[in-house]
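> give me the fold of what follows.
(chains A and B)
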Number of protein chains: 2
Amino acid sequence: MIEPRTLKGFRDHLPAQALVRERILDVARRVYRSYGFAPIDTPALEYLEILTGKGSEETDKQLYRFKDHGGRDVGMRFDLTVPFARFAAQHVHELGLPFKRYHLAAVWRGENTQRGRYREFMQCDFDTIGTTSPVADLEMVLVVHDLLAAIGVERFTIRINDRRVLAGILGRLGLADKATTVLRSLDKLGKATPEAVAAELAGHGVTAEAVAALLEMAGLRGTAGDVLARLGGLVGDSEPGRAGVAALAAIVAGGRDAGVADGRIAVDPSIARGLDYYTGIVLESFLDDLPTLGSICSGGRYDNLAGLYTKQPLPGVGASLGIDRLLAGLEELHGVATVETPAEVFLVHFDERHLGDYLRIAAALRAAGMAVEFFPEAKKVGQQLKLAAKRGFPAAVVIGSDEFAAGTAQFKNLATQQSVTIDWHGDLHVLVDAIHSLLEAAKQRPPASVSRAASDS
Amino acid sequence: MIEPRTLKGFRDHLPAQALVRERILDVARRVYRSYGFAPIDTPALEYLEILTGKGSEETDKQLYRFKDHGGRDVGMRFDLTVPFARFAAQHVHELGLPFKRYHLAAVWRGENTQRGRYREFMQCDFDTIGTTSPVADLEMVLVVHDLLAAIGVERFTIRINDRRVLAGILGRLGLADKATTVLRSLDKLGKATPEAVAAELAGHGVTAEAVAALLEMAGLRGTAGDVLARLGGLVGDSEPGRAGVAALAAIVAGGRDAGVADGRIAVDPSIARGLDYYTGIVLESFLDDLPTLGSICSGGRYDNLAGLYTKQPLPGVGASLGIDRLLAGLEELHGVATVETPAEVFLVHFDERHLGDYLRIAAALRAAGMAVEFFPEAKKVGQQLKLAAKRGFPAAVVIGSDEFAAGTAQFKNLATQQSVTIDWHGDLHVLVDAIHSLLEAAKQRPPASVSRAASDS
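Residues are numbered from 1 along each chain as shown, chains lettered A, B, ... in the order given. Okay, the predicted model is just below:
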């Protein structure tokens, strides 16, 4: 007998988790599509040379790599950006520009699992390439907004900054050549105290005056208008700095035009992100009720996606939803999902002699858009209802021989345990309509034990 | 510069193909869910010992296997059945029985690509385990029916047989000990002539009389009632044979109860399938207009899913949609998909000064359920419309400065190139309603160059 087990860092998704995950992926697809982003897919395996050296030294070390049956060196993708760069370089003439794609797929990293990381996880990327238009930047912010709203997150903030603002301020402080070091220190501000960061900066030879200016900048908070006015002062007449401030102001104004609620887009000069990659707007987003979770959706603008594979410059802008982190956050806020079925109606198998009737009823309910599980065996009704309740069905329908004879049916709300008798007089339409109405009413009041994320679906 | 290329046997999915594929996966999810099948997922990588020896010698040879960072022998899954067996053995107590799951995921096989096979492909499995109820068998047939119908296949036939019928007939012919050899020969009947199969059977020492009976059985065609009556004669008083014939009769009757059109479920005694695995009903399904394509959805009943990992017997029944084969078939019948965008409305970016207006209009269209691509740059209108037409948008909306001043808009049907002027007098509701109606009308008459599969979505 072989022990059934999964590899360290890998997970099975049981129905309760898989349902929540599928719902969020579904929402992501819908929102991405609503802006014209088109789906693509790329292979899990790539030539090793496509993958190595494109991430960090760390991702190189974490690569799952081996020789395939033909002796080729291959690797499993560790993100969706590198495969997209290869894809874009290979197909750009077929695709046309600008090109907007989304890609929802698993990636693999042989990470140290002690940090609570998984070795297989999902990424949900969307990008617009082939344009430097600020409209594409704005659209990234709007997509992130619509995505989090559609998932059902009630309180979140999208924090934006522009790398040119940082560059401008560093230039004015005479720190342009120390940009990477300085920004890496500032990036620690969420986790470390301002004092610790100040000490680190001083250690790098930054003057006390410059340290004060940097911490002032990173600490700026308030309405977008206030922060932008202060940033305008800090960048002075630096050209990139002014361009960055103007771009941020345009995003804030555009968000208002598109109907985003005030305050959901915040200008936060402490957001820096992947310094070597991003060149314009950068974005992070946070659950207001769980800010320590970190950013659940991040991205920004870059100058050139695929310089390693093509001479054609491909500027772009895009972001990625961290679905595992978001799910962890929703679980912490709203509890663990307990619904284990995608179906809404559990049709009890009461009497084998009525199999034909049950089949007709189930088919009619499905034709009316309801998902129905018909129990395969005529086991004891109590046993069937217990399983249905455990799995989180909102409702069960019981029709035994007596009910068939009387033209009635029992509709059971499994959350409240209340029953209603339906008089359908053998008329399938009447039965289907009644079940539909009662089900809609039952779903209005989901049981307390069901997580928001699952019950919203 | 690194050459951007994919590995042999691996494919990129560009938007036109990815859209068709996503639509079919979406339909599969919806139909599986409508019967109460719940999603699960398992890792791409498993311990090698979980995977080896569970398929055939061929799949063992095709396994992508390597040592991971911890020196563990691991392999990439080559199907979804073996991971499901491991999953079921590991989690059966949490899941409860009967358990119905679906699993849509990629699998990998280092196959010989000369046969036109891919090394990475998608499987779409659904199974009910933990019950021997014939209702679960029937439900498999109904799910396959609803799935193909929902995908939009107009003419298809689900061919069913029962392994017990075959066993009964072989027993009566004194061939029980030669079952595997005989059935392997009979399985060639689609591709080889009856004469060639007869010669092969004779070579295995089957008497002329038995050969004649076997070919008669395999050749039985006609209405389900006729075929069942003839099979009843052939199985005589064999107990498994009679059970098999009765089970097939129950499926045919159940299909009728559930509203399946006559003839869509056919009893075909030549269907044998994976001899060592299936023990009851077996199923294959074919496009009537392209029977040479082979079965696009196949499955059956098995006695024990996970005997290698647990002592608990887990009988089950399930099937799998061959999405690559189905897509190839739909392409052959209806042409290649040419729609490259999931969006319906292309909003022309005419005048940068009206950016705020465009954003408001796009947001209102999205709120009304329409997917809208707003072009990021105020390029020449002709250039924008050309891209929109190439990508297969059904419609474009043009509102320039003059139109804004006059409170009008141009709605362009990109298939017919006809334009309609909308008078909206600056009232966003009027504009959105008008675009919605015109779009619905435009979608009624898709352009001829668009494949069914894509335009149905």
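> let me know the average pLDDT across stretch A:435-455.
Throughout stretch A:435-455, pLDDT has a mean value of 69.
> do the same with stretch A:308-326
96.
> now do the end-to-end distance for it.
For stretch A:308-326, the separation between the terminal residues is 32 Å (CA to CA, to the nearest Å).
> and that stretch, what's buried?
Neighbour-count burial for stretch A:308-326, counted by 16 or more other CB atoms under 10 Å in any protein chain shown, picks out A:308-310, A:314-326. C-beta here means a position set from N, CA and C on the backbone, and glycine is covered the same way.
> quick one: that stretch near chain B?
Yes: remark: stretch A:308-326 sits within contact range of chain B at A:L308, A:Y309, A:T310, A:K311, by CB under 8 Å from any CB of the partner chain.
> in strands only, show me the residues you listed.
Cross-referencing the residues of stretch A:308-326 next to chain B with the strands (criterion: DSSP state E) gives no overlap at all.
> among those residues, which one lies nearest to chain B?
Comparing the residues of stretch A:308-326 next to chain B against chain B with CB to the nearest CB picks out A:Y309 as the nearest, at 4.0 Å.
> doesn't A:A85 make contact with the closest one?
Yes: under the criterion of CB atoms under 8 Å, A:Y309 is in contact with A:A85, at a separation of 6.2 Å.
> quick check, A:A88 in a helix?
Yes: the secondary structure assignment for A:A88 places it in a helix, going by DSSP: H, G, I helix; E, B strand; the rest coil.
> what's the closest non-adjacent residue to it?
A:A306 (5.1 Å; CB to CB, 6 or more residues apart in numbering or on different chains).
> next, A:R184: secondary structure please.
Each residue gets one of three states, and A:R184 gets helix by three-state DSSP.
> equivalent analysis for A:A396, please.
Following three-state DSSP, A:A396 is assigned to strand.
> point out the residues in the stretch 351-457 of chain A that sit beside chain B.
A:355-357, A:359-360, A:362-363, A:366, A:370-374, A:376-377, A:387, A:390-391.
> again, only this time at 6 Å
Where proximity means CB under 6 Å from any CB of the partner chain, the interface of the stretch 351-457 of chain A facing chain B comprises A:G356, A:L359, A:R360, A:A363, A:R366, A:A371, A:E373, A:P376, A:E377.
> so which of those residues sit within helices?
Assignment to helices by DSSP state H places the following of these there: A:G356, A:L359, A:R360, A:A363, A:R366.
> on that earlier part again, which two among the residues of stretch A:308-326 next to chain B are spaced furthest apart?
A:L308 and A:K311 (10.6 Å; CB to CB).
> wait, what's in contact with A:L215?
A:P194 (CB atoms under 6 Å, 6 or more residues apart in numbering or on different chains).
> next one: it from chain B, what distance?
With distances defined as CB to the nearest CB, to the nearest Å, the gap from A:L215 to chain B amounts to 35 Å.
> same check on A:L327?
Between A:L327 and chain B the computed distance is 13 Å (CB to the nearest CB).
> okay, now that residue: neighbour count?
Under the neighbour criterion other CB atoms under 10 Å in any protein chain shown, A:L327 is assigned a count of 18.
> with A:A192 instead?
Neighbour count for A:A192, taken as other CB under 10 Å: 14.
> you'd agree A:A388 is up against A:A395?
No: A:A388 is beyond contact range of A:A395, at 8.7 Å (criterion: CB atoms under 6 Å).
> any stretches of chain A with poor pLDDT?
Low-confidence segments of chain A, defined by pLDDT under 70, span residues A:274-275, A:445-457.
> outline the domain layout of it.
Annotated domains of chain A cover A:15-334, A:345-455 [automatic domain parsing].
> residues in contact with A:I160?
Residues A:L283 are the ones in contact with A:I160 under the rule CB under 6 Å, 6+ apart.
> can you give me the end-to-end span of stretch A:109-116?
Stretch A:109-116: ends 13 Å apart by CA to CA.
> without its sequence neighbours, what residue ends up closest to the most centrally placed residue in chain A?
The structure's chain A has its C-alpha centroid closest to A:L321; by CA atoms, centre = their mean the separation is 3.4 Å. If you skip the residues right next to it in sequence, A:L321 has A:C124 as its closest partner in space, 4.1 Å away by CB to CB, 6+ apart.
> surely that neighbour is in a strand?
Yes: the assignment for A:C124, made by three-state DSSP, places it in a strand.
> relative to B:T81, how far out is the nearest residue to A:R86 once chain neighbours are set aside?
On the basis of CB to CB, 6+ apart, the spatially nearest residue to A:R86 that is not a chain neighbour turns out to be B:P4, at 4.6 Å. Noted for B:P4: a distance of 35 Å to B:T81, by CB to CB, to the nearest Å.
> pull the CA atoms of stretch A:401-413 into CSV?
Once non-C-alpha atoms are left out, stretch A:401-413 reads as follows in CSV (Å, rounded to 0.1, in the frame of the first residue of the first chain):
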residue,chain,number,x,y,z
SER,A,401,-44.9,8.6,-2.3
ASP,A,402,-47.6,10.4,-0.2
GLU,A,403,-46.5,13.8,-1.5
PHE,A,404,-46.6,12.5,-5.1
ALA,A,405,-50.1,11.2,-4.5
ALA,A,406,-51.3,14.5,-2.9
GLY,A,407,-49.4,16.7,-5.4
THR,A,408,-47.3,18.3,-2.7
ALA,A,409,-43.7,18.7,-1.9
GLN,A,410,-41.7,19.8,1.2
PHE,A,411,-39.2,22.6,0.7
LYS,A,412,-36.7,22.6,3.6
ASN,A,413,-34.5,25.7,4.3
